[in-house]
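Novice: quick one, structure for this:
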Amino acid sequence: MKLRQIVDILSLTVMAGHAGLDTEVTGGYAADLVSCAMAGAQKDGLWVTLQGHLNIVAVASLLDLAAIIVTENKVVEPEALAKANEEGIPILATPRTTFEVVGRLWEMGVRT
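Specialist: Next up is the predicted model:
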């Protein structure tokens, strides 16, 4: 499924990385610890998290993730948004909880 479809279905707000919305999403991972995401997230997958600091972009870049979904309207630092735009990594936001987002992604067929 294309990232753009996920954005539309879940009504996600694109905060950065608009150019990456045509990426094919292959799975997902949910964690708030950067070290867990580094160990468990996979290339072209989504990372669902509450984190909004610069390190999330570094992890997404290192792992070549399709996007980061930041839940519960958590603030994403301006430096993180700037770096995400520079790296072409979509950062998406939602007021939904991580639990709800992951459940909706599963229902849409996004699996690990």
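Novice: tell me, what residue is most central in this protein?
Specialist: Geometric centre of the chain, nearest residue: residue 68, 1.5 Å, by C-alpha atoms, centre = their mean.
Novice: what does the helix or strand hosting that one contact?
Specialist: Taking DSSP states H and E as the criterion, residue 68 maps to strand 67-70. Defining contact as C-beta atoms under 8 Å, 6 or more residues apart in numbering, one finds that strand 67-70 is touched by 3, 12, 15, 17, 20, 23, 25, 46-52, 56-57, 60, 76, 84, 89-94, 101. The C-beta positions use only the backbone N, C-alpha and C, and glycine is treated the same way.
Novice: among those, which ones are buried?
Specialist: Neighbour-count burial (16 or more other C-beta atoms under 10 Å) applied to the contacts of strand 67-70 gives 3, 12, 15, 17, 20, 23, 25, 46-49, 51-52, 56-57, 60, 76, 84, 89-94, 101.
Novice: tell me where the chain has strands.
Specialist: Counting by DSSP state E, one finds strands in the chain at the ranges 13-16, 27-30, 45-49, 67-70, 91-93.
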